[in-house]
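# Based on what follows, work out the 3D shape:
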Amino acid sequence: MYMPRNVSIRPVRPFRLSCALALILLLAAVLLLDCRPVQAKKDREAHEFSAVAPVPRPLDTGGYIPADETVLSARDALTRGDGTWVVLRGNISRRVGEKEYVFTDASGNADVRIGQKAWQGVQVSAGETVLLYGKVRRHWEHSFIDIRRVVRQ
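Numbering: from 1, shown residues only. Here you go, the predicted model:
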């Protein structure tokens, strides 16, 4: 490598070290200033509420039910298009998965998916009649009904 003779090379290290040190000190100061109020707030909240359990929020059980709602059979509901709102009346015969159940009525069976919010605290056995409000979902060749609300009859 060619290097001219009159060029002097100055060390860059002290400048880099001072910049890095200044940056570290600045970050440390920001972290210390930012953490103290948060930790004090956490300590205060833990002290104030340590003996009292949180009050459970009641489940939202209200909603509009139209007078002219059409209750479909399981067979008819599965022939509807994707995203169609349906109402079913029948029994939940068995549980298949974590959220998957088999719904049964006079026309046959339908796969339904019922999440925790849809139950709204209702407990149902296999012999009880329920109204299920939900949407038809189609994935490739499999159709199921995504239930949004369960009402015991």
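# For this structure, which segments count as helices?
Taking DSSP state H to define them, one finds helices in the chain at 13-49, 74-79, 116-119.
# Now tell me which of those the model trusts least on average.
If the helices of the chain are sorted by mean pLDDT, helix 13-49 sits at the bottom with a mean of 66.
# Look up the closest residue to Gly127, ignoring the ones flanking it.
Nearest non-adjacent residue to Gly127, counting by CB to CB, 6 or more residues apart in numbering: Asn91, 6.8 Å away. Any C-beta I mention is one placed from the backbone N, CA and C, and that applies to glycine too.
# For that neighbour, give me its contacts.
103-105, 126-130 (CB atoms under 8 Å, 6 or more residues apart in numbering).
# where does it land on pLDDT?
95.
# quick one: contacts of stretch 69-83?
86-90, 103-110, 131, 135-138, 143, 145.
# Kindly report the same for stretch 112-128.
59-61, 88, 91-94, 99-103, 130, 132, 134, 137, 144-153.
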